[in-house]
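Colleague: Quick one: sequence and predicted model below, then my questions.
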Amino acid sequence: MTSVRTVGSTLPSIRVAAELARQELLRRELAECQLLAGIWCHGFTVAQLRSIRATLPPTARLVVAKNSDVAAAVAGTRWEAVRPFASGMNAWLFVRSDEIPPALRPYRDFQKEWKLQLNDFTGAVFEGRLYGPDDFAQLEAMPTRVQSYQYLLGCLQMPAVSVLAALRARQEAMAQPPPAEEPAPAADK
C-alpha cells in the first residue's frame, strides 16, 4: 500500500482540515455579527432545532457547533468574552443586525411552547459587553431601531414645535386690532 501523504508533508490531516474549515465558517458568521448568544440545548431534537430556526428572523442564525471550534474562532476577537460559556451542550445564535429583541423573542416563545425553562441562554456578547444568563432581560427590553428613531425624532421635533407655537401666538396677537379706547368721562366742573 502506498500513502498519498509523505512523512514530511505540510498538508494537514483531513480531521484538522475539517476543523479549520468549521472555524473559518464561524469566523465568517462573526464578521457580520452584532450579538453572539449561547443557548443550552441539552436534549433538543433535530425537529426542535428546525422549529427554532424556522421562526428566527432573516438576520439571525442558529448554529450547533463544537465549543472548541467556537472558542478557537472567537480567540483574539471582540467576541472572546463568550469563551467561558463555550462548555456543555450549546447552540449559538448569531444576530447580524441591531434588532436584538426580535431575534431573541422566537427562542423565548419556543421555551414557553415546549416548557423548557432549564434550556436557557448561557451568555452573550453585545457591543463588547458580556451578558450572563440573568442579564438577558436587558437585551430583551432594548428598544428596536424604529423605536429609537421615533424617540429621536420626537426629541428633535419638540423644540421646533415650541418655537412655531410661540411665533404663531405672536403673529395672532399682532393681527388682532387693538381694543378701542373708551373716552374718559368728562370731569364735572
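Modeller: Ah, there it is. Since the model is a prediction, treat every value here as computed from it, not as a measurement.

Colleague: Every contact and neighbour count from this point should use C-alpha atoms.
Modeller: Will do.

Colleague: Send me the helix or strand harbouring R28 as PDB with only the CA atoms.
Modeller: R28 is located in helix 14-31, with elements delineated by DSSP states H and E. Coordinates of each C-alpha in helix 14-31 appear next as PDB, following Å, rounded to 0.1, in the frame of the first residue of the first chain:
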ATOM      1  CA  ILE A  14      -8.400  15.500   7.000                       C
ATOM      2  CA  ARG A  15      -9.600  15.900  10.600                       C
ATOM      3  CA  VAL A  16      -7.500  19.100  11.100                       C
ATOM      4  CA  ALA A  17      -8.600  20.500   7.700                       C
ATOM      5  CA  ALA A  18     -12.300  19.900   8.600                       C
ATOM      6  CA  GLU A  19     -11.700  21.600  12.000                       C
ATOM      7  CA  LEU A  20     -10.100  24.600  10.300                       C
ATOM      8  CA  ALA A  21     -13.000  24.800   7.800                       C
ATOM      9  CA  ARG A  22     -15.600  24.800  10.600                       C
ATOM     10  CA  GLN A  23     -13.700  27.500  12.400                       C
ATOM     11  CA  GLU A  24     -13.500  29.600   9.300                       C
ATOM     12  CA  LEU A  25     -17.200  29.300   8.800                       C
ATOM     13  CA  LEU A  26     -17.700  30.500  12.400                       C
ATOM     14  CA  ARG A  27     -15.400  33.400  11.800                       C
ATOM     15  CA  ARG A  28     -17.400  34.500   8.700                       C
ATOM     16  CA  GLU A  29     -20.600  34.400  10.800                       C
ATOM     17  CA  LEU A  30     -18.800  36.500  13.500                       C
ATOM     18  CA  ALA A  31     -17.600  39.100  10.900                       C
END
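
Colleague: Tell me the buried residues in that helix?
Modeller: The neighbour-count check on helix 14-31 (16 or more other Cα atoms under 10 Å) flags 19-20, 22-24, 26-27, 29-30 as buried.

Colleague: With stretch 113-122 instead?
Modeller: So for stretch 113-122, counting by 16+ other Cα under 10 Å, buried means 119-122.

Colleague: Just the ones of these in strands?
Modeller: Secondary structure from DSSP state E places 121-122 of the buried residues of stretch 113-122 in strands.

Colleague: and the buried residues of stretch 113-122 as CSV, adding distance to D134?
Modeller: Listed next are the buried residues of stretch 113-122 as CSV, based on distance: Cα to Cα, whole Å:
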residue, distance to D134
N119, 13
D120, 10
F121, 9
T122, 9
